[in-house]
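# Got a predicted structure here, sequence first:
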Amino acid sequence: MSSNIWISDITHYYNKKQTSPTLDDINLTIPQGQLTALIGRSGCGKSTLLQMIAGLLIPTEGAVRISGHTVTKPSAKWNMMFQKPSLYPWMTVRENAALGLVFAGTYKQKKERVEELLDMVGLADHKDKNVQQLSGGQQQRVALARSLATEPDVLLLDEPFSALDAFTRSALQTEVAQICHDYGITMVLVTHDIEEAVAMADNVVIMNHNPGRIVGSMEVPLAYPRDRGTEEFGELKDYLFAEFEKIDQAKQAELAALEAQKDIQQTQQALAS
Amino acid sequence: MSTAQAAAPARSTDFVTQLSQGFKNLPMWAQTTVNSIFGMTILLVLWWIGGVLIQSNPDTEAFADFAPGPALSALWSLLGTEFLWDTIVSSLERILLGLFWGIVIGVPLGVLMGYFLAMRQLANMPFQFLRMISPLAWMPIAVLAFETWDGAIVFLIVMATVWPIVFGTAHGVQRIDPNWFRVAKNLGADGYQMLRRVIMPAIAQDVFAGIRLAVGVAWVVLVPAEYLGVTSGLGYAINDARDTLAYDTLAAMVVVIGVIGYLLDAIAVFLIKRYSWHAE
Ligand SMILES: Nc1ncnc2c1ncn2[C@@H]1O[C@H](COP(=O)(O)OP(=O)(O)OP(=O)(O)O)[C@@H](O)[C@H]1O
Ligand SMILES: [Mg+2]
């Protein structure tokens, strides 16, 4: 069973002294089974929003609902994968992958699932190794298997491939998108990388900073697995890039205008006194 | 043919180089064993020389039984006797009891210190201060505070063991990667599972490293502590042997102390290795 995510009227301040909110009136509905990418400049609140979906952070205002249930705490049903794999170095690959099931007390019944997942992510020959013996890409695959083992309805990815080399990265992008698509997992991906967004997502959501807002979105009507060499892929990438730049420039202009206005006010005040 | 030619110059090189080359080709454990035996032999020879010097000097002649010959034969006749067994058991009991309380007090304190910065700031100065006090300096207080000599000795051992355990544990907790908590929480771990699967394995190695240091200090403190009051244990046996001028038994007891100390340390090292998760 997969589920839809419902983000309604989220506004968030990290502390009371902030002049503008970190997130401002975010509304977004993600249908079940859809793969969504959140892109935006550094500091616009992407990770903040993702942590709220995961239940690791509670918004100042508004709420997140997953299939009708308000998210108030983390759950193995909506799983977050971080930029660093953060594996446990005292465990083998298999033990790491099985951890969610061990916590749930269902590992004994579902041993086979862990084996299958490790085979699927290409670690069939490494199951008994200590995770410290693996490369960065292999470690991230273990983290992926660990996330999938609990059969999550929702998979949340926060720049999970950014530390990997280009080849491993694009291979994993293709794999993860395929897996989520095949299993009907609702996926939300935070990224800086426009190509990654186009390669993986059905829908790309563009965020702006200061305050953090959703300012646009783009559908990616391509079938999986996606071929990055096609003309269509290139066009979508260029379009998204142009769109992103347009929004960014508008934002810069707005900020500059605001600065100028402030200057004028200050000068006027100075003259008046 | 080429092999024979290659062997020819090798034969002409001198014997020592060949020997050291051959030694380096031995497996690691064999090299370790050979070197350890060699080291122990040096120690034994030094002891023997000491014995000869003592015997040849008319002023110290009376202590000639300190030499390895008499000492080892005394040890041989002591082996398997109830006396030796009782002596060792009562010393080990005190050590283990002291270690037990050192762990029970030290590990939770160390966890608090590692986890909370304020605790660390609060406790660091006083603990470092107390750590530097020789545990034996507590003796007068221990004698006043405890009804039995045994209680006082265990107290001294606790004072010796608790600090390395506190600091070892705190160090381990500080090294825990905060992401490990986030990931475990995200995978649905409850408090107990977090402790059992994440915190304990993460710090185990550092705790055992603290315990290893603690065992060393405790064993060193135990013998002088047993000079006082009690009528059992290795310290008492040494003191008693001195009073009865049985210097061969005294030296034999020193050997026993060394051997048991070595074994305790080896157990601690084994546990550190067993719970170590750092890549080689
Ligand atoms: N724990 C925190 N306490 C206070 N402010 C925070 C905290 N975490 C993030 N912020 C602030 O909130 C804003 C959004 O942060 P967030 O991490 O969500 O950005 P992001 O879009 O994920 O950026 P990046 O792309 O660099 O990861 C930033 O200005 C950041 O400084
Ligand atoms: Mg981020």
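Received it, and whenever you're ready, just let me know what you need. Ligands and ions are numbered 1, 2, ... in the order given.
# I'd like to know how far the nearest residue to A:L117 once chain neighbours are set aside sits from A:A54.
The shortest distance from A:L117 to any non-neighbouring residue, by CB to CB, 6 or more residues apart in numbering or on different chains, is to A:A145 (4.3 Å). In this view, the C-beta of every residue, glycine as well, is placed from N, C-alpha and C. Per CB to CB, to the nearest Å, A:A145 is found 19 Å from A:A54.
# tell me which residues in the helix or strand harbouring the residue nearest to A:L117 are buried?
Using DSSP states H and E, A:A145 sits within helix A:136-149. Under the neighbour-count criterion of 16 or more other CB atoms under 10 Å in any protein chain shown, helix A:136-149 has A:137-149 buried.
# Just give me the closest of these to chain B.
A:R146 (7.3 Å; CB to the nearest CB).
# So the nearest residue to the closest one once chain neighbours are set aside versus A:K77, what's the distance?
Nearest-residue entry for A:R146: A:A97, 4.9 Å, with adjacent residues in sequence omitted and distances by CB to CB, 6+ apart. Going from A:A97 to A:K77 by CB to CB gives 18 Å.
# what does A:T29 give?
Going from A:T29 to A:K77 by CB to CB gives 19 Å.
# same check, this time on A:I10
Distance from A:I10 to A:K77, by CB to CB: 20 Å.
# Please say which of those two ends up with more neighbours.
Neighbours per residue, other CB atoms under 10 Å in any protein chain shown: of A:I10 and A:K77, the larger number sits with A:I10, 24 against 18.
# on that earlier part again, list of residues touching the helix holding A:A145?
Contacting residues not belonging to helix A:136-149 are listed as A:79-82, A:85-87, A:93, A:96-101, A:110, A:113-114, A:117-118, A:120-123, A:126, A:131, A:134, A:155, A:160-161, A:163-165, A:168, A:172, A:176, A:179, A:183, B:187 [CB atoms under 8 Å, 6 or more residues apart in numbering or on different chains].
# Select from the residues you listed every entry located in helices.
Applying DSSP state H to the contacts of helix A:136-149, the entries found in helices are A:93, A:96-101, A:113-114, A:117-118, A:120, A:168, A:172, A:176, A:179, A:183.
# Now stretch A:204-223 - C-alpha only, PDB.
Extracted in PDB, the C-alpha atoms of stretch A:204-223 (Å, rounded to 0.1, in the frame of the first residue of the first chain):
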ATOM      1  CA  VAL A 204       9.500  18.900  -9.900                       C
ATOM      2  CA  VAL A 205       8.700  21.500  -7.300                       C
ATOM      3  CA  ILE A 206      10.700  24.700  -7.300                       C
ATOM      4  CA  MET A 207      11.300  26.500  -3.900                       C
ATOM      5  CA  ASN A 208      12.500  30.000  -3.300                       C
ATOM      6  CA  HIS A 209      14.300  31.300  -0.200                       C
ATOM      7  CA  ASN A 210      13.700  34.100   2.200                       C
ATOM      8  CA  PRO A 211      11.000  33.200   3.000                       C
ATOM      9  CA  GLY A 212      10.900  29.600   1.900                       C
ATOM     10  CA  ARG A 213       8.000  29.300  -0.500                       C
ATOM     11  CA  ILE A 214       6.900  27.100  -3.400                       C
ATOM     12  CA  VAL A 215       7.100  29.100  -6.500                       C
ATOM     13  CA  GLY A 216       6.600  26.800  -9.400                       C
ATOM     14  CA  SER A 217       6.500  23.200 -10.600                       C
ATOM     15  CA  MET A 218       7.000  21.100 -13.700                       C
ATOM     16  CA  GLU A 219       5.700  17.800 -14.800                       C
ATOM     17  CA  VAL A 220       8.200  15.300 -16.300                       C
ATOM     18  CA  PRO A 221       6.100  13.200 -18.700                       C
ATOM     19  CA  LEU A 222       8.800  10.600 -19.400                       C
ATOM     20  CA  ALA A 223       8.500   6.800 -18.900                       C
END
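# If you tally nearby residues, what's the number for residue 82?
Using chain A here. There are 20 residues near A:F82, going by other CB under 10 Å.
# other chain: chain B
Count around B:E82 with other CB under 10 Å applied: 7.
# Perfect, I'm done here.
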